[in-house]
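# I would like to see how this sequence folds:
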Amino acid sequence: EIMAFAIFALILIASLVIAILSKRGAVSSDMGDVMTAGGSFGAFLVFFISVGEIYSIGTMIGTPGSIYANGATYGLWFICYILLAYCVGYFMNPAIWRMGQLSGATSIGDVIGWRYNSKALQVIVAIVAIIFLTPWIQNQFSGMAILFEYLNIGVSFIAAVVIATVLAFIYIAVAGIRAPAWVSVMKDILLVCSIIVVGIAAIVKMPGGVGGIFHKVADTHPEQLIISTKPGETNVEFTMSTILFQMLGFYMLPISFQALLTSKSDHTLRKNSILMPLYMIMFPFLVIAAYYAVAQIPNLENSDWSLLAIAVDTLPNWMIGVIAGGGALTAILVMAMSALCVGGLFSKNIMGVIKPDLEEKKMTSLVRVVTAVFLIAGAIVALYFPALMANVTTIAYGGLSQTFIAVILGFFWKKANKYGVGSGIVCGVLSYAFMQLGMGGAAGMPFGFNPGFYAMAINLIVTVIISIATTTDETTLKRFEYYQMTKVVKKAKLIE
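Numbering: from 1, shown residues only. Got it, this is the predicted structure:
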């Protein structure tokens with residue numbers, strides 16, 4: 001336990017040193033620098049900050065836990081929607097970056113508000129993003145509760161929450177987005193290595209290796225190897241519609257969108273879309289670990305313990321410390337980025353609209369205040385109501401993904417306007433929440449599809465009808481033309 005704690009503490013201290021060193025070149029009073037590092041990141045940092053937002057503590061704990069509990073259905077969903085999202089990103093992300101350059105954007109609210117010439121739309125997008133980002137930070141705390149409850153390295157959940165909150169704030173206060181970007185490099189190395197090591201440990205311990213694991217599962221729990229056809233949220237229709245819906249909305253998560261704006265060029269983003277699937281090298285090891293637990297540890301009280309149970313059973317104490325440190329760092333980084341994103345959305349896209357004369361220096365100070373408040377509020381909720389948000393994570397994804405229609409039509413349809421887009425986002429978010437909460441989710445949907453699939457369709461229909469029925473202002477039309485011009489000019493000419 002002492003060795004595990006020492007390694008854990010060393011990892012967190014090292015992350016703090018990296019965060020402090022990342023301050024070099026940062027401009028604390030510049031909104032663009034705090035939120036997007038002034039669009040200065042090359043392929044290396046963009047890669048790590050992008051995957052840093054995608055693979056949270058849920059990857060280490062939730063993915064094997066869900067495969068343990070639900071079988072192949074979850075594994076199919078996880079690998080398919082992420083890999084297909086990278087294909088969408090190959091074409092869409094450079095376009096987002098170009099529009100971000102034209103608008104001087106630091107957030108998704110800036111891009112959509114600029115394209116449709118609407119301050120009100122900025123506020124709508126910011127409010128939706130802030131509301132639905134809240135479960136993200138709560139889930140990180142919940143993941144940490146599971147991590148420290150099972151690994152038992154001498155750190156209580158209360159202590160872990162306090163440490164995570166303080167470190168997440170320090171990252172942002174010291175260097176804005178630069179600190180999470182550099183710490184992501186360390187975090188991702190630890191995360192991938194930890195998962196691979198646990199997977200290999202499972203293979204080595206099981207007689208017959210990988211084949212032995214799956215033969216035993218086939219003999220004892222064959223239902224875990226097939227995709228269920230029963231109605232509800234495990235059937236084929238639900239899985240396929242969820243993959244389609246989430247691959248389209250993948251980069252609409254505000255933290256992922258913001259990571260795109262840190263890039264120094266659209267070519268960098270396209271290159272990263274090609275390379276990012278390599279990160280999925282850890283997925284086979286997650287699957288192996290999950291099915292080893294099904295075969296050898298079939299009666300776990302909590303399915304989310306599956307990977308941790310293998311680690312405790314097979315690995316030395318110092319490696320447990322590495323897993324604890326890597327898992328905690330994964331959660332802290334997502335907390336930091338989510339809180340920074342909320343701080344920027346509130347300060348620029350809400351307060352900046354309410355008070356147009358708000359000075360940039362005061363705006364960046366407000367970012368840090370809101371970041372701290374958001375983190376503290378998340379910590380309090382985690383301590384006193386640890387399961388409060390657990391069931392709304394899927395709703396959060398559905399709400400955040402509704403901006404996809406606004407973004408994609410902004411690239412291709414000149415007639416799209418603020419009235420149609422604003423109405424579409426509101427109708428999409430409200431219809432998704434109603435279908436999920438009031439109609440029983442997928443079980444109450446025709447064909448058992450994911451409610452998000454229908455909500456996005458409603459969003460599109462409303463946007464198109466209202467945009468056709470209303471007049472698009474001249475500025476919006478010209479901004480569409482400006483964007484079209486960016487396809488044939490280099491970055492140096494964009495602002496001109």
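
# same question for stretch 345-352, mean pLDDT?
Averaged over stretch 345-352, pLDDT sits at 94.

# nope, stretch 167-175 is what I was after
Stretch 167-175 shows a mean pLDDT of 91.

# buried residues in it, which are they?
Of the residues in stretch 167-175, those with enough neighbours to count as buried (16 or more other C-beta atoms under 10 Å) are 167-175. (Glycine included, C-beta is placed from N, CA and C.)

# helices of the stretch 51-200 of the chain, residue ranges please.
Counting by DSSP state H, counting those that start in this stretch, residue ranges of the helices within the stretch 51-200 of the chain are 57-60, 62-70, 72-103, 108-115, 119-151, 157-175, 178-205.

# a markdown table please, covering those and showing distance to P451.
Output for these, formatted as a markdown table (distance: least, C-beta to C-beta, whole Å):
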| stretch | distance to P451 |
| --- | --- |
| helix 57-60 | 21 |
| helix 62-70 | 19 |
| helix 72-103 | 15 |
| helix 108-115 | 22 |
| helix 119-151 | 14 |
| helix 157-175 | 32 |
| helix 178-205 | 31 |
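
# so which of the ones you listed is nearest H267?
Checking those against H267 by C-beta to C-beta gives helix 72-103 as the closest, at 7.5 Å.

# what comes up buried for the closest one?
For helix 72-103, burial by neighbour count (16+ other C-beta under 10 Å) applies to 72-82, 84-86, 88-90, 92-103.

# same deal with stretch 420-433?
Neighbour counts over stretch 420-433 (16+ other C-beta under 10 Å) mark 420-425, 427-429, 431-433 as buried.

# please state the offset of it from the chain centre?
A distance of 21 Å separates the C-alpha centroid of stretch 420-433 from that of its chain, computed with C-alpha atoms, centre = their mean, to the nearest Å.

# any weak-confidence spans in this protein?
Within the chain, the stretches with pLDDT under 70 are 25-29, 52, 228-234, 385-394, 442, 487-496.

# and which of the buried residues of stretch 167-175 is nearest I127?
I127 lies nearest to I172 out of the buried residues of stretch 167-175, by C-beta to C-beta, at 21.3 Å.

# wait, the closest one sits on A336?
Yes: the pair I172 / A336 is scored as a contact, 5.6 Å apart, by C-beta atoms under 8 Å.

# give the residues shared as contacts by these two.
Listed as contacting both I172 and A336 by C-beta atoms under 8 Å, 6 or more residues apart in numbering are 179-180.

# determine which of the helices of the stretch 51-200 of the chain approaches V294 most closely.
helix 62-70 (5.8 Å).

# any idea of the angle the closest one forms with helix 119-151?
With axes from the mean of the first three to the mean of the last three C-alpha atoms, to 10 degrees defining the directions, helix 62-70 sits at 70 degrees from helix 119-151.

# contacting residues around helix 62-70?
The set of residues that contact helix 62-70 without belonging to it, under C-beta under 8 Å, 6+ apart, is 74-75, 78, 143, 224, 234, 286-287, 289-291, 293-294, 300, 302-307.

# please repeat the previous calculation with a cut-off of 7 Å.
Applying C-beta atoms under 7 Å, 6 or more residues apart in numbering, the contact partners of helix 62-70 are 74-75, 78, 234, 286-287, 289-290, 293-294, 303-304, 306-307.

# how many neighbours does M3 have?
Burial measure for M3: 14 neighbouring residues, criterion other C-beta atoms under 10 Å.

# just checking, next helix/strand downstream of whatever helix or strand T330 lives in?
When elements are assigned from DSSP states H and E, T330 belongs to helix 317-344. Downstream of helix 317-344, the next assigned helix or strand under DSSP H and E is helix 352-354.

# buried ones in that next one?
For helix 352-354, the buried set under the neighbour-count rule, 16+ other C-beta under 10 Å, comprises 352-353.

# that one: what's the following helix or strand?
Once the chain leaves helix 352-354, the next helix or strand it forms, by DSSP H and E, is helix 360-384.

# before we move on, the earlier item: between the buried residues of stretch 420-433, which sits nearest T470?
Nearest to T470 among these, counting by C-beta to C-beta, is G420 at 6.8 Å.

# leaving out sequence neighbours, find the closest residue to that closest one.
The shortest distance from G420 to any residue that is not its chain neighbour, by C-beta to C-beta, 6 or more residues apart in numbering, is 3.1 Å, and that residue is S467.

# report the contact partners of that neighbour.
Listed by C-beta under 7 Å, 6+ apart, the contact partners of S467 are 415-417, 419-420.

# helix or strand for it, which one?
Secondary structure (DSSP H and E) places S467 in helix 451-469.

# give me the neighbour count for F447.
Residue neighbour count, defined by other C-beta under 10 Å, stands at 12 for F447.

# how about it, secondary structure?
At F447, secondary structure determined by DSSP: H, G, I helix; E, B strand; the rest coil is helix.

# how close does it sit to M240?
Summarising the geometry, the distance separating F447 from M240, computed by C-beta to C-beta, to the nearest Å, is 10 Å.

# ok, V197 next?
Counting by C-beta to C-beta, the separation of V197 from M240 is 33 Å.

# nearest approach to M252 belongs to which of the helices of the stretch 51-200 of the chain?
Each of the helices of the stretch 51-200 of the chain has some distance to M252 by C-beta to C-beta; the shortest is helix 108-115, at 7.1 Å.
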